[in-house]
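1. My questions are about this predicted structure, shown below with the sequence.
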Amino acid sequence: MTSLTLDAEALYRELLRGVRQICTVQTRLVGITSGGAWLAQRLHADMQLDGAPGVISSVMHRDDFASRGLAAGGQTVLPFDVNGADILILDDVLFTGRTLRAVINELFDYGRPARVQLAVLVDRGGRELPIQADFAAARVALPAHQSLSLARSDAGDFSFQVKERKSC
């Protein structure tokens, strides 16, 4: 089995470059809990944006809610009016698209944004829904039995964890 090595800090720098290109002064950053929220917080600080980034949870709108229940993580906090907003959703890894579908449903519970875009650190393919990122710092292929997630050290540095997924 081959080992996947990704430099999360280098990919973060690429994400920062890409986000700067697609953001306008009106763009509000919203990170999906937890990895996307970490990215939104750090991007917000590095880009010296006013206000605070939003955090959004997919828990209440997941299509597997009955089997997963309320997962640990965070709650949705959107410190701005969603109606008419230009929103950039951030996530660490885009895979099937199901989390993003749930997040968009959650977002529309708060109002109707003018535009919603998506930027991710890694797009690993394997889509089950017609969803794609407007910007991805990297595209990688992983076997379906592996998961990829972002980790953050106490110092705020990013790294990736590759794990074997539980079989059904």
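-> Arrived safely.

2. residue contacts, the residue nearest the centre of the chain?
-> The centroid of the chain falls nearest to residue 91 when counting by Cα atoms, centre = their mean (1.0 Å). By Cβ atoms under 8 Å, 6 or more residues apart in numbering, the contact list for residue 91 reads 31, 32, 35, 36, 39, 99, 100, 118, 120, 121. Glycine gets a C-beta too; all of them are placed from N, C-alpha and C.

3. Just the closest of these to residue 139, please.
-> residue 120 (9.6 Å; Cβ to Cβ).

4. any idea which element the closest one lies in?
-> Per DSSP states H and E, residue 120 falls inside strand 115-123.

5. helices or strands next to that strand in the packing?
-> Contacting strand 115-123 under the criterion 3 or more Cβ pairs under 8 Å, 6 or more residues apart in numbering; DSSP states H and E are the following elements: helix 8-22, strand 86-94, helix 98-109, strand 135-139.

6. Quick check: the residue nearest to the centre of the chain vs residue 161, distance?
-> Counting by Cβ to Cβ, to the nearest Å, the separation of residue 91 from residue 161 is 15 Å.
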